[in-house]
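> just to be clear, the model below is a prediction. Sequence and coordinates:
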Amino acid sequence: MPTMLFLSQFLDAQVVDSADKTVGKILDFIATTSEKKYPEITAFVMRDRHTKEEKIIPFSYIANLGKDEVTLDRLEGKIQSREISPQDFFLYRDILDKQIVDVEGTRVVRVNDLQIGMISGKPHVLSIDISNRGILRRIGLDRLRIFSFVKPRFIDWEKVQMIGSSLKLSTLSSELVKLHPADLANIIEDLAPQQSGHLIKSLDSETAAKVFEELEPQFRYAIMKSIDQRSTTEILSHMPVDELVDYFKSIPKRESRKLMGNFDEEKKKAVQKLVQYEDDTAGGLLTSEILRGNPNWTIADARDYIKEISDSFRTINFMYIVNDKDGVSGGGKLAGVISLRSIIVANPSEKISKVMKRIKKSQTINVNAEIEEIAEMMTKYNLSSVAVLDDEEKFIGVVTIDDVMRQFVPDA
Amino acid sequence: MEFLKENWKKVIFFLSIMGPGIITATAGNDSGGIATYAVAGAQFGYGLLWALIPVAILLIYTLDISTKLGIVTRLGLAALIREKFRVKLTISLLILVLIANFGTTVSEFAGISSSFQIISNELNLNGGDIPWGTILQTIAVILSSIIIWIFIVKGNYRRVEKVFLTLIVFYAAYVISAFLAKPDWPVAVKSLVVPTFSTDPAFLFTMVGVIGTTIAPWMYFYHNSTIAEKGISEDDLKLSRIDSCVGSILTNIIVFFIMVAAAATIFVNKLPVKTVEDIGHSLIPFAGEYAGYLFAFGLFNASIFAAAILPLSTAYAICEALGWETGIDKGFREAPQFYSIFTGMIATGALIVLIPHAPLLFIMRLSQVANGVVLPFFLVYLLLLAEDEKLMGKYAARGIVRWFGWLIAVILIGLDITLLAAPLFT
């Protein structure tokens, strides 16, 4: 096995020119990102022996990369330092000892060392060492026999996500975006507020909204505060009304008023109406974004309607049929419900009012009903969701079994 | 009515944030602290009470820095030190912290043992053929270590915090024993506000000791890590600062009563005392046997409290610095190193106290020296972190706050070196 190279072995190494004269010492390595799998190390930071200045020297000058001494291919006078480009990042300053996301293990780990390897003759960052062996190497004890049982553990560079303020550090790894929002939320909860802010911001706002919903309540506000208001509004606009209501209830009034100002009238009204209910009543639990339909439609109409607006719903299981002169825009008396299955199976020319299941008033619940009552009704009638009526018996939303479960098992 | 309701809400909310500050500050009143304060009261009467006000200010200021660091970064102190000062410096600091904390843990178990010694001496349990007193002490140490272990390993953060907060209530034992000692209250209160000096070297060393025992690195590691584990957000910064402020004041009020109790009995009657056991024992003829038992109970409570927190603080510090999983909310399987360090410290700490003729004094002295050596570095690290604008943003220490911090550091380091050097001159 060829000997492995690590960043820690080169820090503080002497730099000598082609005449074997010491010119300085290595402070950092600079890697440059590109489309490639592993970032190439393109330069190093050297403290000049005479001027004490920090210079950035291209890696291509290096003739021999020894562990304690690095030899350049030219004389001291011929060394030309280069500028930093936006694609550059510093391995020692930005990565080593910092926290990084292990995407495969969906957890936050600390970088003990970086493994460097040659790909077609050029040095690249291959993986991060998160093992105790990395620590031993840093304090110069890794060659001791008694520590030989401590094995190195690497995470491939492709499977890590850097977190930081600079543009480069927040570029998302393709693996990270594939994670389930709940996993992303767990990672974010483990990070410092600023870092989690950066990570949330670098997600697209739809994913960010889903992740946000999965966060523990005490983290939500802190993270929102660490990002700018425009991003906050953007994320909130992708959240369903019931989640928004939960969020607004948990933050100071002046903040929620400020945020609410950015919403359109309809959403603002919907949120304001629900904010007044306690968390463990039907009003606090309900989802108001539900698919509504008109009893006078045909099945074909319903199908077209679903196709047209399906984008605005996360999931669709039922269509709630409302008797309302305004059609499907909200409010109105609940007439019945029709499952997606019936909509698919039924004859397209059939009227909805003929196919739908009528809902008796005894199978609905009042907006002020407490959670025990809702759970009892769900169990009694074997329902996965219950329609909620306000005091004027208008249909305002649905409590699903998920909402009830979350209230009973809050930490899951 | 509305006003009351609004305030009541605020109180409830504060109670949910409260914890890390009050627990840390009060735990600083551990067996070693009680011994120092009680001996100070016994030797110099009310003369050193004034020192408690500067001590409270020191504690409020340093815990405040720690609060801000914990909330803004949501990282423990050791992790922050690792990020800024890197592996080599962090590990050297941690080795000293480990030695210091281990020695202190031993002294907490010794405190548990002492508290039962006070009781068994009073009841004359060792008078007969069988040394019941010694047996009682042994059982107390073993049972305490097992209870602490189960409680932390099986508990979650919220529950652990609740029990710790309950233990704080029992510090009231010192308040009662101070009242039983019938001190001269007007003189005591006057001595608190009007400083008195003496050039007697013994007086000066005791003064340095009183100030020095208040600030130990383990407190800050614990404080910071629990703020991070509790997930207190920037919005609750104010409440969290109140938490540590209340804690610092509360702990000094307790110290006040400990010193007063010793001053009103032992000092007034010119009794020679050296150890905590002497003090507990000497209280009885003057303040009644209840005062002695209360003193012993207070010592037991403080010792068992700190015996749980010190190993926790150590485990947090080491695991955070080395990137291992930490947290009371995790189990043995999720955070094996965290719980191994915790278990190891409790087991060996208790064991050393149980070994007859173990070099307890040597271990405690070693731990004091290690604490003394760590403190200057630790304070410098703490202040450098606090003023790091990249890390702390708008909460970075600036201007007067920053200079006051360095002034405190210079004073504390001066006192610290005096304490370390003291044995060389006496």
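Right, received. Where do you want to start?
> just the pLDDT for residue 268.
With no chain named, the answer covers chain A. You'll see residue A:268 listed with a pLDDT of 81.
> if you could check chain B rather than the one you did, that'd help
The score at residue B:268 is 85. That number is its pLDDT.
> for chain B, name the helix or strand with the lowest mean pLDDT.
One helix or strand of chain B scores below all others by mean pLDDT, DSSP states H and E: helix B:2-17, with a mean of 74.
> just checking the distance from the helix or strand following that helix to the centre of its chain.
Per DSSP states H and E, the first helix or strand lying C-terminal to helix B:2-17 is helix B:20-27. Computed by C-alpha atoms, centre = their mean, to the nearest Å, the separation of helix B:20-27 from the middle of its chain amounts to 8 Å.
> what sits up against helix B:20-27?
Contact with helix B:20-27 is made by B:59, B:63, B:67, B:70, B:161, B:164-165, B:168, B:171, B:219-220, B:222-223, B:226-227, B:230, B:232, B:240-241, B:243-248, B:250-251, B:254, B:305-306, B:309, as judged by C-beta atoms under 8 Å, 6 or more residues apart in numbering or on different chains. Every residue, glycine included, has its C-beta placed from N, CA and C.
> now do the buried residues in that helix.
Buried residues in helix B:20-27, counted by 16 or more other C-beta atoms under 10 Å in any protein chain shown: B:20, B:21, B:22, B:23, B:24, B:25, B:26, B:27.
> check what pLDDT the second one gets.
Read that as residue B:21. On the pLDDT scale, residue B:21 gets 94.
> what's the burial count for the closest residue to chain A within chain B?
For chain B and chain A, the shortest gap (C-beta to the nearest C-beta) falls at residue B:323, measuring 3.1 Å. Using other C-beta atoms under 10 Å in any protein chain shown, residue B:323 is surrounded by 22 other residues.
> not counting sequence-adjacent ones, nearest residue to it?
residue A:110 (3.1 Å; C-beta to C-beta, 6 or more residues apart in numbering or on different chains).
> so who does the one you found touch?
Going by C-beta under 8 Å, 6+ apart, residue A:110 touches A:97, A:98, A:99, A:100, A:130, B:79, B:82, B:322, B:323.
> tell me which two of those residues sit farthest apart.
For these, the farthest-apart pair by C-beta to C-beta is A:100 and B:322; their separation is 15.1 Å.
> how about the residues of chain B by chain A?
Listed as neighbours of chain A in chain B under the rule C-beta under 8 Å from any C-beta of the partner chain: B:72-75, B:79, B:82-83, B:86-88, B:91, B:231, B:233-235, B:322-323, B:393.
> hmm, who's touching stretch B:360-367?
By C-beta under 8 Å, 6+ apart, the surrounding residues in contact with stretch B:360-367 are B:32, B:99, B:100, B:101, B:102, B:103, B:104, B:106, B:107, B:110, B:352, B:353.
> what do you get if the cut-off is 10 Å, keeping everything else the same?
Residues outside stretch B:360-367 that contact it (C-beta atoms under 10 Å, 6 or more residues apart in numbering or on different chains) are B:31-32, B:35, B:99-107, B:109-110, B:113, B:216, B:349, B:352-353, B:359, B:423.
> which of these are buried? Put it as a ChimeraX command.
Buried subset of the contacts of stretch B:360-367, written as a ChimeraX selection, criterion 16+ other C-beta under 10 Å:
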select /B:31,32,35,99,100,101,102,103,104,105,106,107,109,110,113,216,349,352,353
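> looking at the contacts of stretch B:360-367, which are in helices?
If you go by DSSP state H, these have B:31-32, B:35, B:99-107, B:109-110, B:113, B:349, B:352-353, B:423 in helices.
> pass me the low-pLDDT residue ranges in the stretch 1-150 of chain A, would you?
A:1-2 (pLDDT under 70).
> residue in chain A nearest to chain B?
Chain A approaches chain B most closely through residue A:110 (3.1 Å), counting by C-beta to the nearest C-beta.
> residue A:44 belongs to a strand?
Yes - per DSSP: H, G, I helix; E, B strand; the rest coil, residue A:44 lies within a strand segment.
> just list whatever residues bridge to it.
Counting by DSSP bridges, residue A:44 is bridged to residue A:29, residue A:57.
> is it in contact with residue A:70, as I believe?
Yes - the criterion here is C-beta atoms under 10 Å, and residue A:44 meets it with residue A:70 at 8.0 Å.
> and the residue lying closest to residue B:299 once chain neighbours are set aside, how many neighbours does it have?
Leaving aside its chain neighbours, residue B:299 sits nearest to residue B:115 (4.2 Å; criterion: C-beta to C-beta, 6+ apart). Neighbour count of residue B:115, defined by other C-beta under 10 Å: 28.
> just the element for residue B:115, please.
helix B:77-122.
> what angle sits between that helix and helix B:20-27?
Orientation check (axes from the mean of the first three to the mean of the last three C-alpha atoms, to 10 degrees): helix B:77-122 against helix B:20-27 gives 40 degrees.
> quick one: contacts for the residue nearest to residue A:14 when sequence neighbours are not counted?
Nearest non-adjacent residue to residue A:14, counting by C-beta to C-beta, 6+ apart: residue A:69, 4.9 Å away. If you count contacts by C-beta under 10 Å, 6+ apart, residue A:69 has them with A:10, A:13, A:14, A:15, A:16, A:20, A:22, A:26.
> I'd assumed residue A:49 was in contact with the third one.
Yes - with contact defined as C-beta under 10 Å, residue A:14 and residue A:49 form a contacting pair (9.1 Å).
> list residues touching both of those two?
Common contact partners of residue A:14 and residue A:49 (C-beta under 10 Å, 6+ apart): A:22, A:23, A:24, A:25.
> list buried residues within the residues you listed.
Neighbour counting by 16+ other C-beta under 10 Å classes A:23, A:24, A:25 among these as buried.
> phi and psi next, for the first one.
The one in question is residue A:23. Phi and psi for residue A:23, reported as degrees, to the nearest 10, are phi -110, psi -20.
> what's the local residue count around residue B:230?
Residue B:230 sits with 22 neighbouring residues when counted by other C-beta under 10 Å.
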